[in-house]
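Student: Following is a predicted model, sequence given first.
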Amino acid sequence: MDLAALRDLRLRVQGLRHPFDASAPESVRRFVAVQAQEFLPAQWGLAQRVPAERRPDAASTLADLDAGRILRTHVLRPTWHFLHPDDARWVLELSAERVHRASGSMYRTTGVEGDVAARALDVVAGAVEGGHRTRAELSVALAAAGLPSTGVPMAYVVMRAELERVVISGANAGKQRTYAAFDERVPPSPPRDRADALVELAMRFIASRGPVTDRDFAAWSGFTLTDTRRAFADAIERADAAGRPLATVDVDGVDHLVEAAALEAPASDPSHPDPSPRVDLLQAYDEYIMGYASPRTYLHRTGDEVVHAEFPLHALMLDGVMVGRWAPPVASGTPTVRIVPWVASTPDEEAALAASVVELERFLGTDLAVAVEPESAPG
């Protein structure tokens with residue numbers, strides 16, 4: 001399989017072509033965990049995977065977050081991710097021990113360990129018993145108890161509280177995020193065997209992002225290659241037993257795993273042909289980018305010298321290839337999308353970009369101006 005075929009298959013499996021997720025929460029459920037550093041752009045990434053006729057707008061995805069149908073917390077590497085409530089408990093249980101080990105030196109540096117950590121978690125738990133609390137409100141409660149309440153030390157207090165299943169995202173208070181009691185937002189479930197949980201994570205990673213390698217899974221999940229190779233081997237056996245076998249495809253001499261059904265599915269729907277060319281405005285941490293290990297050669301055209309960073313704010317994609325960067329509108333002034341192309345566009349490509357801007361307008365619920373600007377310097 002060459003890189004063009006790899007791109008096409010990943011775009012279909014991810015749902016960026018012929019979107020098939022029933023809703024934004026169902027998109028999160030399919031991906032298990034969706035990287036979500038940037039709050040609104042990450043919601044746009046979910047909406048792009050829902051068919052146009054029922055695609056949510058920003059108000060709808062925010063309502064899903066407020067209601068707890070989508071949760072946001074630190075997990076895996078760790079960084080901000082969206083999780084579905086049905087997956088939050090077992091994914092955090094699986095991830096917490098490794099993240100605690102990786103954060104050990106920072107716990108010691110910030111003093112967020114031992115008795116201090118235990119007391120801080122008790123204070124945070126008490127604060128959210130009475131309702132959803134902003135970070136500022138948690139800071140006040142911690143300061144009153146003489147515990148770390150500002151800066152990096154407080155950040156590690158809150159992250160420990162997330163990893164220990166004390167708090168998770170709550171309903172937004174205006175433009176501020178809040179924290180809620182974990183058990184209020186996440187349904188109960190029995191503890192899971194670590195190996196079993198890791199295999200499920202691997203199987204769902206393959207199903208939602210394939211074709212992938214064990215290195216891709218390790219980079220995305222933060223687990224060791226030893227863990228991921230064992231999980232992939234077990235995933236092959238479990239998929240066969242479940243009647244959903246995995247297939248191996250060769251990409252430049254490297255074996256990649258994908259669900260066999262994805263290879264058998266038609267590349268396009270004759271009644272809804274793929275637009276050509278197709279421009280996608282992807283957020284910088286979209287799973288089409290972050291779901292794979294470096295070097296991400298599939299993001300670049302064959303033969304091109306890669307002189308630009310892979311995370312240039314947000315990614316302007318042409319038929320699955322990164323050809324520039326973009327920035328969503330800022331809160332003040334005329335809503336304007338900034339486009340910084342790296343290559344000249346044809347009239348058809350300009351029309352495809354205009355169509356993608358219309359999709360973004362529908363999501364944001366506002367008309368947008370477009371400013372095309374030259375790249376000032378490579379990278």
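Tutor: Alright, I've got the coordinates. Numbers count the residues shown, from 1 in each chain.
Student: For V330, give me the pLDDT.
Tutor: On the pLDDT scale, V330 is placed at 76.
Student: need the contact list for it.
Tutor: T336 (C-beta atoms under 8 Å, 6 or more residues apart in numbering). The C-beta positions use only the backbone N, C-alpha and C, and glycine is treated the same way.
Student: SS state for it?
Tutor: coil (DSSP: H, G, I helix; E, B strand; the rest coil).
Student: what separates it from S208, distance-wise?
Tutor: 32 Å (C-beta to C-beta, to the nearest Å).
Student: Could you look up the SS state of S345?
Tutor: With three-state DSSP as the criterion, S345 reads coil.
Student: measure the closest residue to it other than its chain neighbours to R165 for me?
Tutor: The shortest distance from S345 to any non-neighbouring residue, by C-beta to C-beta, 6 or more residues apart in numbering, is to L353 (7.0 Å). From L353 across to R165, the span is 44 Å (C-beta to C-beta).
Student: More neighbours: which of these two?
Tutor: L353 (24 against 17; other C-beta atoms under 10 Å).
Student: With just CA atoms, put stretch 139-155 into CSV.
Tutor: Taking C-alpha atoms only, stretch 139-155 is exported to CSV below (Å, rounded to 0.1, in the frame of the first residue of the first chain):
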residue,chain,number,x,y,z
SER,A,139,-7.8,27.4,44.7
VAL,A,140,-9.7,29.2,47.5
ALA,A,141,-10.5,26.0,49.2
LEU,A,142,-6.9,24.7,49.0
ALA,A,143,-5.5,28.0,50.2
ALA,A,144,-7.8,28.0,53.2
ALA,A,145,-6.4,24.6,54.1
GLY,A,146,-2.8,25.8,53.7
LEU,A,147,-2.2,23.6,50.7
PRO,A,148,-0.7,24.3,47.2
SER,A,149,-3.3,26.5,45.5
THR,A,150,-1.5,28.4,42.7
GLY,A,151,0.7,27.8,39.7
VAL,A,152,2.4,24.5,38.9
PRO,A,153,1.8,22.9,42.3
MET,A,154,-1.9,23.4,42.1
ALA,A,155,-1.9,22.0,38.5
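Student: Name the surrounding residues that touch that stretch.
Tutor: 106, 110-112, 116, 119-120, 123-124, 126-127, 133, 138, 156-157.
Student: tell me the contacts of L76?
Tutor: With C-beta under 8 Å, 6+ apart, L76 has these contacts: A33, V91, S95, V99, W220, S221, G222.
Student: Strands of this structure, start to end?
Tutor: Secondary structure of the chain, counting by DSSP state E: strands at 33-35, 71-75, 79-83, 133-134, 167-169, 178-181, 246-251, 254-259, 279-282, 314-318, 321-327, 336-341, 369-372.
Student: for the first one, packing partners?
Tutor: Judged by 3 or more C-beta pairs under 8 Å, 6 or more residues apart in numbering; DSSP states H and E, the packing partners of strand 33-35 are helix 39-47, strand 79-83, helix 287-290.
Student: and L198, which of these is closest to it?
Tutor: For the helices and strands packed on strand 33-35, the distance to L198 is smallest for strand 79-83, at 16.2 Å, taking C-beta to C-beta.
Student: The closest one pairs with which strands?
Tutor: Its sheet considered, strand 79-83 pairs with strand 33-35 (antiparallel), strand 71-75 (antiparallel) by DSSP bridges.
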